[in-house]
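Engineer: predicted model follows, preceded by the sequence.
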Amino acid sequence: MRTQSGNTARVVVIGAGMAGARLAARVPGVTVIGEEEHAPYNRVLLAEVLAGRYEPDVIALPPAEVRRGVRVVRIDRADRLVHCDDGSVLGYGRLVLATGSNPVLPPLRGLGHMLPDGVHPFRTLDDCLALRAAVRPGVRAVVIGGGLLGVSAARALAECGAQVVLAQQGEHLMERQLDAEAAGLLRRHLEALGVEVHTECRVRGLRCTDGATPAVRAVELADGYELEAEITVLACGVRPRTGLAQAAGLDVRKGVVVDDELRTSDPYIHAVGDCAEHAGTVYGLAGAALEQADVLAEVLAGGSARYEGTRALTRLTLRSPAAVPVSAGAAGAAVTAGTAGPAAGALASAGSVAAPGGLDLAAFGDSRPMPGDDVIRLADATRGAYRTVVVRGDRLAGGVLFGDLAAVGTLARTWQEDEPLPADMSLLHLLTNDGGF
């Protein structure tokens, strides 16, 4: 049935991900439209669901009123209306685009608009549940992409008993966050879990069965070598979902361009989260999405908040295969895998303790030194611990901590505050001052 609302005071949010759900919790009476049938959930914890450690209900976000399973097909800026695929039409006073991002599907031979059986993206809860249903002990799985998402997926599949190969095109794992030495430690830890890691490995295509329903059988590399695969996971990054904004004539570059009030080129439309581009940056991080939602909630309430960018800490925990599953009641005690910013709070569970045999990793800022930078490293091979920081001028530019995160609280605060370091501070003090953590 086609309905229409002329409520020009209404705040309508397109997208029920983490940013949309945060706005629903902060802005009274907001209308949230979400494509997924699931209630809003913590995307950072999908690898934990894949590993079987959490059930989907454990990662649900606080309840929010969402029109689930509804897709917005058009924005009418002149009349301030959104048209949905169920025939409904909603009026808005302010519209918020929180459409998130889509997984990047690489241009591989054998990969068309319809994915062959056994080929899985890893972005939504439905993706996660489909992959979990397909995994069984001994199944051959290839993960394409060695970033944070690919590493998390490979670890989770290994915990499910799969024979996992991780194929990374770059020189080392998690190139955006880690230097070569930390990436080497991460690689050795994954290999100890049974994951076979290939770096500088370019994937050319997929070999699939013939017929009406092709199924993947191998991943073909550029050098002619094949990796047998019954399951292939695409973890090649994400791309902002900007189609609605482009069709509506909004300013779009890499993402939907917004100012410090998260306002687009239309004064009645805002954008937050993975789809938003602020000061030339698309963050694609949970912490940034939540921080933007908090700022926008204050703006919509008539406040003077301004978004000035996010300085986010990336945190990853790899557990031993013998780790015990967590029930809904105990979920708060588990360290999560993912990315968290200053606004992420409980998402990173930074005070938690990893299971025996687990491994903690944290990275922030730019850990790749430039000419003239000061770099200090501490490594303990017997404990598998590694710390490095980069100082640029009189400020902390970035760092990596691996295995021993005792100093992460002090370092992260120093970096996030972006204040000059005391002139009499020893660089070694940055790595050895645990700040009570």
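Structural biologist: Looks like it came in fine.

Engineer: quick one: low-confidence parts of the stretch 251-400 of the chain?
Structural biologist: 319-358 (pLDDT under 70).

Engineer: tell me the helices in it, going along the chain?
Structural biologist: 286-300 (DSSP state H, counting those that start in this stretch).

Engineer: isn't G365 up against V390?
Structural biologist: Yes - using C-beta atoms under 8 Å, G365 makes contact with V390 at a distance of 7.4 Å. Using the backbone N, CA and C atoms, a C-beta is placed for each residue, glycine as well.

Engineer: looking at those two, which one has more neighbours?
Structural biologist: Set G365 next to V390 and count neighbours by other C-beta atoms under 10 Å: G365 wins out with 24 against 21.

Engineer: find the nearest non-adjacent residue to the more buried one, please.
Structural biologist: Nearest residue to G365 in three dimensions, chain neighbours excluded: G398, at 2.7 Å (C-beta to C-beta, 6 or more residues apart in numbering).

Engineer: mind checking how far that neighbour is from Q177?
Structural biologist: For G398, the distance to Q177 equals 9 Å [C-beta to C-beta, to the nearest Å].

Engineer: got any residues that touch both of these two?
Structural biologist: Residues touching both G398 and Q177 by C-beta atoms under 8 Å, 6 or more residues apart in numbering: A363, S367.

Engineer: starting at the chain centroid, how far to stretch 100-109?
Structural biologist: For stretch 100-109, the distance from its own C-alpha centre to the chain's C-alpha centre is 15 Å (C-alpha atoms, centre = their mean, to the nearest Å).

Engineer: C-alpha coordinates for that stretch, PDB please?
Structural biologist: What follows is stretch 100-109, C-alpha atoms only, in PDB (Å, rounded to 0.1, in the frame of the first residue of the first chain):
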ATOM      1  CA  GLY A 100      27.500   2.500   4.600                       C
ATOM      2  CA  SER A 101      29.700   0.700   2.100                       C
ATOM      3  CA  ASN A 102      29.700  -2.300  -0.200                       C
ATOM      4  CA  PRO A 103      32.500  -5.000  -0.400                       C
ATOM      5  CA  VAL A 104      34.800  -4.500  -3.300                       C
ATOM      6  CA  LEU A 105      34.400  -7.400  -5.800                       C
ATOM      7  CA  PRO A 106      37.800  -7.600  -7.600                       C
ATOM      8  CA  PRO A 107      37.900  -7.900 -11.400                       C
ATOM      9  CA  LEU A 108      38.700 -11.600 -11.500                       C
ATOM     10  CA  ARG A 109      38.200 -14.000 -14.300                       C
END
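
Engineer: list the contacts of it.
Structural biologist: For stretch 100-109, contacts defined as C-beta under 8 Å, 6+ apart pick out 15, 17, 19, 111, 115, 121-123, 127, 144, 203-206, 220, 234-241, 273-275, 284.

Engineer: spit out the residues that contact G365 and V390 alike.
Structural biologist: L396, A397, G398, G399.

Engineer: most surrounded residue in those?
Structural biologist: In the shared contacts of G365 and V390, the most neighbours by other C-beta under 10 Å go to G399, 29 neighbours.

Engineer: so who does that one touch?
Structural biologist: Under the criterion of C-beta under 8 Å, 6+ apart, the neighbours of G399 are A363, F364, G365, S367, R387, T388, V389, V390, L411, W415.

Engineer: the second one contacts G287, correct?
Structural biologist: No - with the criterion set as C-beta under 8 Å, F364 and G287 do not qualify as a contacting pair; they are 11.0 Å apart.

Engineer: name the residues contacting each of the two.
Structural biologist: Common neighbours of F364 and G287 (C-beta under 8 Å, 6+ apart) are A312, L313.

Engineer: end-to-end on stretch 141-148?
Structural biologist: In stretch 141-148, first residue to last residue: 17 Å (C-alpha to C-alpha, to the nearest Å).

Engineer: 24 is where my numbering starts, stick with that
Structural biologist: Shifting the count to begin at 24 puts that one at stretch 164-171.

Engineer: quick one: contacts of that stretch?
Structural biologist: For stretch 164-171, the surrounding residues in contact (C-beta under 8 Å, 6+ apart) are 129, 158, 173, 176-177, 180, 185-193, 195-200, 220, 222, 226, 242, 250, 252-260, 337, 339, 361-362.

Engineer: got it, and stretch 242-250?
Structural biologist: 132-133, 165, 167, 188, 190, 221, 224-230, 241, 252, 255.

Engineer: list the buried residues in that stretch.
Structural biologist: Judged by neighbour count using 16 or more other C-beta atoms under 10 Å, the buried positions of stretch 242-250 are V242, E243, L244, L250.

Engineer: which of those residues sit farthest apart?
Structural biologist: Pairwise distances across the buried residues of stretch 242-250 (C-beta to C-beta) peak at 8.1 Å, for the pair E243 and L250.

Engineer: surely Q192 is within a strand?
Structural biologist: No - using DSSP: H, G, I helix; E, B strand; the rest coil, the assignment for Q192 is coil, not a strand.

Engineer: leaving out sequence neighbours, find the closest residue to it.
Structural biologist: Using C-beta to C-beta, 6+ apart, the closest residue to Q192 is R225 (5.4 Å).

Engineer: what sits against the one you found?
Structural biologist: Q192, L244, A245, D246.

Engineer: how does it look with 7 Å?
Structural biologist: Taking C-beta atoms under 7 Å, 6 or more residues apart in numbering, we find R225 in contact with Q192, L244, A245.

Engineer: mind putting those in a markdown table, distance to Y77 and pLDDT included?
Structural biologist: Putting the contacts of R225 into a markdown table (distance: C-beta to C-beta, whole Å; pLDDT from 0 to 100) gives the following:
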| residue | distance to Y77 | pLDDT |
| --- | --- | --- |
| Q192 | 30 | 95 |
| L244 | 34 | 96 |
| A245 | 37 | 95 |
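
Engineer: which among these gets closest to D397?
Structural biologist: Of all these, D397 sits closest to Q192, with 31.2 Å by C-beta to C-beta.

Engineer: residues contacting A235?
Structural biologist: Here A235 is in contact with no residue (C-beta under 7 Å, 6+ apart).
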